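J.: give me a model of this one.
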Amino acid sequence: MQTVPATNFEIIAQGYDFIEAPRISPEGDVWFSDLTGKGVYRKRARRDVETMLPDRQWVGGMVFDESGDVICGGRDGIVALDPHTGETRSILTEVDGKPVIAVNDMEADGRGGFFAGTIDFVSIMEKGEPPAPGAFFHMSAEGDVTVLRRDVFASNGIAFSPCGKWLYHSETSRGIWRYPLADNGLPGAGDLLVSEEDGDGLAVDREGNLWLACWSTGRLMHYSPEGAALQALSFPYPHIVSIAFGASDPTSLYIATGGNEDVRKAGAVLRMKVEVAGLAGARSSLRAMVK
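T.: I've put the predicted structure just below:
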């Protein structure tokens with residue numbers, strides 16, 4: 001499919017290294033992280049960007065909790081950030097009895113818990129080596145962890161179909177996996193719906209179409225619910241990293257970009273109008289973990 005330049009977008013924030021985890025709060029605030037430059041940030045309307053968690057490294061995913069806390073992935077696991085005090089509490093440091101190197105993308109399950117994936121950023125970022133396999137897992141509202149896969153090359157975007165019957169998971173080097181969801185909210189055996197080696201962040205609209213960030217080629221792909229390519233967009237940034245819809249403005253798709261050694265400080269958050277409104281992520285309710 002021919003890739004065409006996107007034209008209908010505006011810049012919300014810019015000047016960062018490699019932006020990840022764009023999330024739109026119920027109040028309409030834009031949250032994001034700088035994966036390689038460290039930190040978690042918030043952009044409120046008509047205000048400057050605020051630094052909410054300055055030293056958190058490798059935050060690839062965030063979830064809003066009903067308590068008001070922001071659940072953040074990153075190096076060594078998952079923490080809950082109180083946005084009023086700046087204090088954090090540990091939520092997860094081990095999976096399968098092993099210390100977590102980092103947690104990347106996260107998505108609430110609509111039942112109080114969330115899905116997330118571990119990733120070996122030490123090998124990728126610090127050693128320049130292929131990563132050890134990561135885990136794709138589920139944490140319930142009570143804090144119980146169920147490992148769904150232990151062989152994920154690089155776990156990325158997570159989303160759900162509008163009917164609630166399907167879970168989608170973007171695995172870099174493979175593509176988009178589709179899993180049927182059982183009555184207990186956990187997935188069964190999955191199939192590879194879309195083959196895409198550089199797939200990253202993922203979002204779904206109200207008609208079940210999938211949007212996929214492609215980090216290395218700098219494209220934004222759009223697929224039908226059956227996995228057929230609908231369009232391919234390019235942007236004046238070297239990397240397209242992650243995407244999200246928000247409930248307060250569902251016809252806007254928020255897009256995170258990244259820079260590299262050749263194009264520095266190209267991390268930005270963009271807002272692009274779309275024809276079909278998107279699905280915003282649910283909030284978690286980690287009753288046993290967040291107080």
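J.: drop to CA atoms for contacts and neighbour counts, all remaining ones
T.: Noted.
J.: burial of residue 111, as a residue count?
T.: Residue 111: 15 surrounding residues under other CA atoms under 10 Å.
J.: cool, residue 191 as well?
T.: Other residues near residue 191 number 12, with proximity taken as other CA under 10 Å.
J.: now it: phi and psi?
T.: The phi and psi torsions at residue 191 (degrees, to the nearest 10) take the values phi -130, psi 150.
J.: isn't it right up against residue 174?
T.: No. Counting by CA atoms under 8 Å, residue 191 sits too far from residue 174 to count as a contact (11.2 Å).
J.: so where's the stretch 151-291 of the chain shaky on pLDDT?
T.: 288, 290-291 (pLDDT under 70).
J.: the strands in it, which residues?
T.: Secondary structure of the stretch 151-291 of the chain, counting by DSSP state E, counting those that start in this stretch: strands at 155-160, 166-171, 175-180, 191-195, 199-204, 210-214, 219-223, 229-234, 239-245, 252-258, 267-273.
J.: stretch 162-182: which residues count as buried?
T.: Neighbour counts over stretch 162-182 (16 or more other CA atoms under 10 Å) mark 166-181 as buried.
J.: ugh, typo on my part, it should be stretch 236-244
T.: Of the residues in stretch 236-244, those with enough neighbours to count as buried (16+ other CA under 10 Å) are 237-244.
J.: in this protein, which residue is closest to the centre?
T.: With distances taken as CA atoms, centre = their mean, the chain has residue 105 as the residue nearest its mean C-alpha position (4.0 Å).
J.: output the contacting helices and strands for the one helix or strand it maps to.
T.: With the criterion set as DSSP states H and E, the secondary-structure element containing residue 105 is strand 102-108. Counting contacts by 3 or more CA pairs under 8 Å, 6 or more residues apart in numbering; DSSP states H and E, strand 102-108 packs against strand 62-64, strand 74-75, strand 114-118, strand 155-160.
J.: kindly calculate the angle that that strand makes with strand 239-245.
T.: Computed by axes from the mean of the first three to the mean of the last three CA atoms, to 10 degrees, the angle separating strand 102-108 from strand 239-245 equals 30 degrees.
J.: quickly run through the sheet partners of strand 102-108, with directions.
T.: Strand 102-108 pairs in its sheet with strand 74-75 (antiparallel), strand 114-118 (antiparallel), by DSSP bridges.
J.: got the angle for it vs strand 199-204?
T.: Following the same axes, to 10 degrees, one obtains 10 degrees for the angle between strand 102-108 and strand 199-204.
J.: for the residue nearest to the centre of the chain, what are its contacts?
T.: When contacts are counted by CA atoms under 8 Å, 6 or more residues apart in numbering, residue 105 is found next to 21, 60-62, 73, 116-117, 155-158, 201.
J.: try residue 139
T.: Counted by CA under 8 Å, 6+ apart, residue 139 has contacts 113-115, 145-146.
J.: columns pLDDT, distance to residue 6 and neighbour count on top of those, output as JSON lines?
T.: As requested, those are arranged in JSON lines below (pLDDT from 0 to 100; distance: CA to CA, whole Å; neighbours: other CA atoms under 10 Å):
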{"residue": "113", "pLDDT": "97", "distance to residue 6": "35", "neighbour count": "25"}
{"residue": "114", "pLDDT": "98", "distance to residue 6": "32", "neighbour count": "24"}
{"residue": "115", "pLDDT": "98", "distance to residue 6": "31", "neighbour count": "23"}
{"residue": "145", "pLDDT": "97", "distance to residue 6": "40", "neighbour count": "18"}
{"residue": "146", "pLDDT": "97", "distance to residue 6": "40", "neighbour count": "15"}
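J.: tell me the one of those residues nearest residue 280?
T.: Nearest to residue 280 among the contacts of residue 139: residue 114, at 14.1 Å, using CA to CA.
J.: next one: the closest one from residue 20, what distance?
T.: Residue 114 is 18 Å from residue 20, where distance means CA to CA, to the nearest Å.
J.: ok, now residue 6?
T.: 20 Å.
J.: residue 268 too?
T.: Counting by CA to CA, the separation of residue 268 from residue 20 is 9 Å.
J.: the more surrounded of the two?
T.: residue 20 (32 against 24).
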